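Enquirer: Can you look at this prediction? I've put the sequence above it.
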Amino acid sequence: MSYPRLAAVLGSIVVLALIAAPVAAAGQSVVQAASPLAQQSTPEGTTPASTPVEFVVGLQPSNQAGAEALAQAVSTPGSPSYRRFLTPAQWEKSYSPKASSVTAVEKWLSEQKITVEGVSPDRLSISASASAATIEHVFGTSLRQYRRHGRSLRLASTALTVPSSVAGLISGISGVDQRLATPDHVREHKRGKEEIPQPEGFRNAPPCSGYYGEKTDTADPEFGDGYPADLPYAPCGYTPPQLQSAYGLTAPIGDGVTGAGVRVAVVDAYASPTLLADAQEYANRNQPGQPLGSGQFSEILAPKFNQIESCEANEWYGEQTLDIEAVHATAPGANILYVGAKNCGTGLYKSVQQVVDGHLADVITDSWSEDGGDLFEAPGARRSFDNVLLMAVGTGIGVQFSSGDEGDEYINFGVNVGDYPTTNPFVTAVGGTSLKVGAGGERTGELGWSTSKSVLCTAELAAEKECPKGKVGSYIPKAPGEYLYGSGGMTSYVYGEPVYQEGVVPPALAERNSAQTRTRNRVLPDISMDADPTTGMLVGETQTFPEGVHYDQYRIGGTSLSSPLFAGVMALADQAAGGPLGFVNPLLYKLARDDSSVYFDVVPQPLQALVRSDFVDGVDAEEGLETSVRTLEYEGREQYCKPNGKCTSQKVTLFTAPGYDDMTGIGTPADGLIAALAKG
């Protein structure tokens with residue numbers, strides 16, 4: 001059997017009546033349907049005609065079927081071609097668009113008064129720019145502004161069309177619809193408008209625990225509803241030795257399997273000026289004997305950053321810091337390449353493509369995604385990047401994406417849908433858990449990450465009108481609280497079930513969307529590691545505090561943590577295997593069938609929760625403390641509210657279960673995983 005033909009799957013499915021069949025004028029052909037995201041956003045008006053638009057024209061590979069067959073052959077254990085990867089030049093010679101196709105599309109763009117900025121080395125895309133008015137004229141559409149999650153978003157109101165003479169050469173267009181990917185980390189505190197260079201400060205508030213269960217809250221009222229009395233306080237943030245120990249990495253690292261010689265690329269937007277210094281200080285404080293040498297770190301930064309305000313640029317500083325420190329936490333000997341994209345849209349995708357084109361890494365970790373992008377991203381925009389991922393597989397690069405922090409995305413869209421690029425079958429989707437690390441560094445338990453929150457109403461908060469005076473001493477809302485966040489997972493609407501998931505993923509999950517898709521589909525995540533912000537990792541970052549700008553440490557989480565942690569695991573496996581394993585999903589699922597003991601199976605647990613103490617202002621007790629209860633593996637209801645204020649609710653749809661589940665995938669790393677991956 002072969003992998004599903006991505007082009008066929010992407011172009012054929014109409015979901016929930018959200019995508020209308022596009023119509024083109026005579027002599028024109030549709031190259032990209034309109035995104036249905038407009039129906040989920042608040043209209044703000046038309047895009048000003050002079051607005052500059054940077055976009056990418058994706059080109060059709062010369063041999064799509066051959067590239068997909070190669071991807072299966074080099075990544076499937078037991079195949080004669082397993083791990084016999086091509087060089088970028090070899091892949092481009094066999095599968096990239098022909099030079100004549102590039103020339104024809106470049107010529108057409110230039111004739112339309114569109115500026116051609118450049119062609120990617122793999123010839124899969126042409127970067128271009130033009131005014132909004134030119135875009136509307138050339139592609140036969142109109143551009144409108146919408147508000148989504150507090151941000152202004154540009155979308156084409158109708159399908160994009162081009163002359164039929166060049167339509168067959170184009171796979172899709174990205175950037176006309178403004179992509180705004182968000183980092184998948186969770187760091188809770190009040191923030192105002194900020195400017196580069198350094199973000200507003202945040203500190204852990206006491207009490208918190210050095211390990212899971214060290215300290216217990218015996219002073220506050222019981223949470224109730226069947227949850228245990230005297231709940232434990234949240235950990236202050238796990239350190240690298242704790243994470244290495246809990247996930248069975250201490251022994252391999254002690255034996256010299258540290259990721260040495262393996263290249264891990266971290267792709268994010270923008271660049272913190274203190275990124276390396278912070279990571280080195282963090283390692284010096286928290287990883288005895290495992291410093292981050294300057295020779296282990298390098299970076300490639302965009303010549304110029306843009307979209308600073310719309311992307312909330314320094315929100316990305318904490319993301320970068322987390323990613324670098326988390327990779328080093330699980331692979332202290334790996335070489336880390338930081339790639340800072342020019343923005344949080346098309347720039348991120350081009351940065352991944354840059355790493356793939358130049359074969360600059362063996363593993364790429366991406367802690368960002370487009371919420372609901374499996375359904376709401378325009379199909380053509382997905383196709384362009386799907387082909388980059390196809391090249392990554394063929395040339396031996398493993399690409400990981402965090403699975404997201406909004407669970408099934410119902411709270412954002414009122415529809416259960418996965419994020420993109422996470423749902424692409426050539427991505428390793430890394431989900432999240434709530435990890436328990438004991439006093440000796442042992443894993444004492446692990447649950448699926450799904451969290452609700454209830455705040456203890458105090459006289460102090462009541463005085464600030466944060467809760468009613470009559471509710472002092474009560475939790476608001478009452479147990480089990482209100483859904484807050486959790487590991488992303490779901491069944492794709494657009495990608496068919498990959499072969500490697502057959503026999504591991506339960507049919508009920510693969511067939512969840514079959515009423516619309518008429519087939520089994522890709523399910524995510526693939527594997528998980530710690531992500532819950534309440535059981536998260538301690539990180540160190542230079543931030544802006546009331547007393548000045550300086551380095552400090554705090555706990556952080558999200559699947560932005562689990563993805564770089566797993567990238568470090570893969571670096572260890574690559575070193576142990578004597579070379580890159582590349583796209584590892586077929587091997588991961590093979591092990592799930594043949595030797596599941598190398599995974600920790602995350603299964604349902606009795607009701608559990610943690611108590612968190614947070615500074616109201618994020619940095620000190622001047623404005624008081626907020627005490628909250630955060631449940632673990634929440635299974636209650638979640639709510640979606642439309643822009644008009646009308647709300648609906650449902651029970652969360654992601655759960656843990658024995659074997660594969662759509663919250664944690666096949667499980668989390670256990671003793672023996674590195675050796676099993678290396679053996680293949």
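Expert: Nice, thanks for sending it over.
Enquirer: tell me the contacts of Leu59?
Expert: Residues counted as contacts of Leu59 (Cβ atoms under 8 Å, 6 or more residues apart in numbering) are 97, 101-102, 105, 123-126, 169-171. For the C-beta atoms, the positions are set from N, CA and C on the backbone; glycine is no exception.
Enquirer: which one of these sits closest to Asp405?
Expert: Ser125 (28.9 Å; Cβ to Cβ).
Enquirer: give me the number of residues near that closest one?
Expert: Around Ser125 there are 29 other residues, counting by other Cβ atoms under 10 Å.
Enquirer: which ones among the contacts of Leu59 are found in helices?
Expert: Secondary structure from DSSP state H places 101-102, 105 of these in helices.
Enquirer: residue ranges with poor pLDDT in this structure?
Expert: Along the chain, the model assigns pLDDT under 70 to residues 1-24, 186-197.
Enquirer: center of it, which residue is that?
Expert: Ser402 (3.0 Å; Cα atoms, centre = their mean).
Enquirer: just checking, what packs against the one helix or strand Ile253 maps to?
Expert: Using DSSP states H and E, Ile253 sits in helix 250-254. Contact here means 3 or more Cβ pairs under 8 Å, 6 or more residues apart in numbering; DSSP states H and E; on that basis helix 250-254 packs against helix 240-246, helix 559-577.
Enquirer: among those, which is nearest Thr534?
Expert: Nearest of the helices and strands packed on helix 250-254 (Cβ to Cβ): helix 559-577, 11.9 Å.
Enquirer: For the stretch 51-200 of the chain, just list every one of the helices.
Expert: 64-75, 88-95, 99-111, 132-139, 164-167 (DSSP state H, counting those that start in this stretch).
Enquirer: Among the helices and strands packed on helix 250-254, which comes closest to Ala277?
Expert: Set against Ala277 and scored by Cβ to Cβ, the helices and strands packed on helix 250-254 come closest in helix 240-246, at 17.7 Å.
Enquirer: For that closest one, list the C-alpha coordinates in CSV.
Expert: Presented in CSV, the C-alpha positions along helix 240-246 are these (Å, rounded to 0.1, in the frame of the first residue of the first chain):
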residue,chain,number,x,y,z
PRO,A,240,16.7,19.1,32.7
PRO,A,241,18.0,16.3,35.0
GLN,A,242,14.4,15.6,36.2
LEU,A,243,13.1,15.4,32.6
GLN,A,244,16.0,13.2,31.5
SER,A,245,15.4,10.9,34.4
ALA,A,246,11.6,10.7,34.0
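Enquirer: if we can go back for a sec, scan the ones in helices among the contacts of Leu59 and report the most crowded one.
Expert: Val105 leads the ones in helices among the contacts of Leu59 on contacts (other Cβ under 10 Å) with 22 neighbours.
Enquirer: Pull the contacting residues for that residue.
Expert: Neighbouring residues of Val105 by Cβ under 8 Å, 6+ apart: 57, 59, 126, 166, 169-170.
Enquirer: do that again at 10 Å, thanks
Expert: Val105 makes contact with 57-59, 97, 116, 119, 126, 128, 162, 166, 169-170, according to Cβ atoms under 10 Å, 6 or more residues apart in numbering.
Enquirer: can you map out the strands along the stretch 51-200 of the chain?
Expert: Counting by DSSP state E, counting those that start in this stretch, the stretch 51-200 of the chain has strands at residues 52-59, 115-119, 125-131, 143-148, 151-156, 160-163, 170-174, 182-183.
Enquirer: got TSV for the helices of the stretch 51-200 of the chain, with distance to Gly665 too?
Expert: Below are the helices of the stretch 51-200 of the chain laid out as TSV (distance: least, Cβ to Cβ, whole Å):
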stretch	distance to Gly665
helix 64-75	17
helix 88-95	28
helix 99-111	38
helix 132-139	39
helix 164-167	38
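Enquirer: Can you say which of those helices is nearest to Gln307?
Expert: Across the helices of the stretch 51-200 of the chain, closest to Gln307 is helix 132-139 (Cβ to Cβ), at 14.9 Å.
Enquirer: So which bits of that closest one are buried?
Expert: Buried residues in helix 132-139, defined by neighbour count with 16 or more other Cβ atoms under 10 Å: 132, 134-136, 138-139.
Enquirer: State whether Glu638 is indeed within a strand.
Expert: Yes: counting by DSSP: H, G, I helix; E, B strand; the rest coil, Glu638 is part of a strand.
Enquirer: sorry, back to before: out of the ones in helices among the contacts of Leu59, who's nearest Thr274?
Expert: Nearest to Thr274 among these: Val102, at 40.5 Å, using Cβ to Cβ.
Enquirer: sorry, back to before: name the nearest of the contacts of Leu59 relative to Ala260.
Expert: Leu124 (32.4 Å).
Enquirer: these two touch, right, that closest one and Val356?
Expert: Yes: contact criterion Cβ atoms under 10 Å: Leu124 and Val356 qualify, at 9.4 Å.
Enquirer: Please identify the helix or strand for the spatially closest residue to Lys469 that is not a sequence neighbour.
Expert: Of all residues not flanking Lys469 in the chain, Ala462 sits nearest, at 4.5 Å (Cβ to Cβ, 6 or more residues apart in numbering). Using DSSP H and E, Ala462 maps to helix 459-463.
Enquirer: Could you list the alpha-carbon positions for that helix in CSV?
Expert: Output in CSV follows, covering the C-alpha atoms of helix 459-463 (Å, rounded to 0.1, in the frame of the first residue of the first chain):
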residue,chain,number,x,y,z
ALA,A,459,-11.4,39.1,50.1
GLU,A,460,-8.5,40.7,48.2
LEU,A,461,-9.9,39.7,44.8
ALA,A,462,-13.4,40.7,45.9
ALA,A,463,-12.1,44.1,46.8
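Enquirer: which other residues reach it?
Expert: Counting by Cβ under 10 Å, 6+ apart, 455, 466-473, 476, 616, 623-627 sit against helix 459-463.
Enquirer: And the residues you listed, which is closest to Val327?
Expert: Val327 has its nearest neighbour among the contacts of helix 459-463 in Glu626, at 31.8 Å by Cβ to Cβ.
Enquirer: dump the residue contacts of the closest one.
Expert: Applying Cβ under 10 Å, 6+ apart, the residues near Glu626 are 188, 205, 455-456, 458, 460-461, 466, 612-616.
Enquirer: try Arg382
Expert: The contact partners of Arg382, by Cβ under 10 Å, 6+ apart, come to 6, 10, 32, 58, 171-172, 174, 370, 373-374, 420-421, 423-424, 494-495.
Enquirer: where does it land in three-state SS?
Expert: Under three-state DSSP, Arg382 comes out as helix.
Enquirer: how far away is it from Pro586?
Expert: Distance, Arg382 to Pro586, using Cβ to Cβ, to the nearest Å: 22 Å.
Enquirer: sorry, back to before: let me know which of the helices of the stretch 51-200 of the chain is the nearest to Asp220.
Expert: helix 64-75 (51.2 Å).
Enquirer: Quick check: buried residues in the closest one?
Expert: In terms of neighbour count (16+ other Cβ under 10 Å), helix 64-75 has its buried residues at 64, 67-68, 70-75.
Enquirer: Tabulate these (CSV), appending distance to Ser514.
Expert: Formatted as CSV, the buried residues of helix 64-75 follow (distance: Cβ to Cβ, whole Å):
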residue, distance to Ser514
Gln64, 25
Ala67, 27
Glu68, 22
Leu70, 29
Ala71, 25
Gln72, 23
Ala73, 28
Val74, 30
Ser75, 26
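Enquirer: closest to Pro288 among those residues?
Expert: Of all the buried residues of helix 64-75, Ser75 has the smallest distance to Pro288: 37.2 Å, by Cβ to Cβ.
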